[in-house]
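Peer 1: with the sequence up front, the predicted model follows.
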Amino acid sequence: GAAGVLHRFMAIDMQIEKAREIEKRSGKCYVAIGLQDYRERVMYLSPHATLFMLDSANGSNILVENFIRWYKEEGFPQDIVIGNTLTKASVSRAINLGADAMRHGIGIGKACLTTDITGIGCPPVTALYYGWKAIRNHELENKDIGFEHDSNLNSPTLLLDGGIRKPGD
């Protein structure tokens, strides 16, 4: 049930080459991109990518908003995952901008030192609750205004981001 994401820390030509290889072998290729060169990467990787994952620590950043607006206006067919979100408000904002999924949580797991360094973080169960509330409110609002039979209306996905360092994770 797991999926690998082709990381963004390589030259664009290398990422394109790897995406082609992955696409040929599995038919699906999930690709990470960053805020610095997303236009170029999306344009060149779009023929091979099944999904794009915008790799950003702060999903509420104005640069993330600019990216989503550009991505949706350009009409790329792949779903877009943005990250990271933590609060109900940040998830709601991402949904309203058109994100298909959110990498959710800050300071969770073994690799993340954010809580230790900045003091910002949230336990995973609490973070999931905040995100679930935002998605549930989105679903209820759309049902209330009559979109419950619209097959094009999909609920966004919440992906808890973090590893396991201790039982609480």
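Peer 2: Great, that's in hand.
Peer 1: from the chain's centre, how far out does the helix ranked longest in the chain sit?
Peer 2: Secondary structure of the chain per DSSP state H: the longest helix is helix 124-144. In this view, helix 124-144 has its centroid 16 Å away from the chain centroid, taken as Cα atoms, centre = their mean, to the nearest Å.
Peer 1: helices or strands up against that helix?
Peer 2: The contact analysis (3 or more Cβ pairs under 8 Å, 6 or more residues apart in numbering; DSSP states H and E) places helix 124-144 against helix 88-97, strand 101-104, strand 157-160. For the C-beta atoms, the positions are set from N, CA and C on the backbone; glycine is no exception.
Peer 1: so which of those is the most surrounded?
Peer 2: Most buried of these, by mean neighbour count (mean count of other Cβ atoms under 10 Å): strand 101-104, with a mean of 25.
Peer 1: before we move on, the earlier item: turn the helices and strands packed on helix 124-144 into JSON lines, including mean pLDDT and distance to H7.
Peer 2: Putting these into JSON lines (pLDDT from 0 to 100; distance: least, Cβ to Cβ, whole Å) gives the following:
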{"stretch": "helix 88-97", "mean pLDDT": "95", "distance to H7": "22"}
{"stretch": "strand 101-104", "mean pLDDT": "94", "distance to H7": "14"}
{"stretch": "strand 157-160", "mean pLDDT": "92", "distance to H7": "16"}
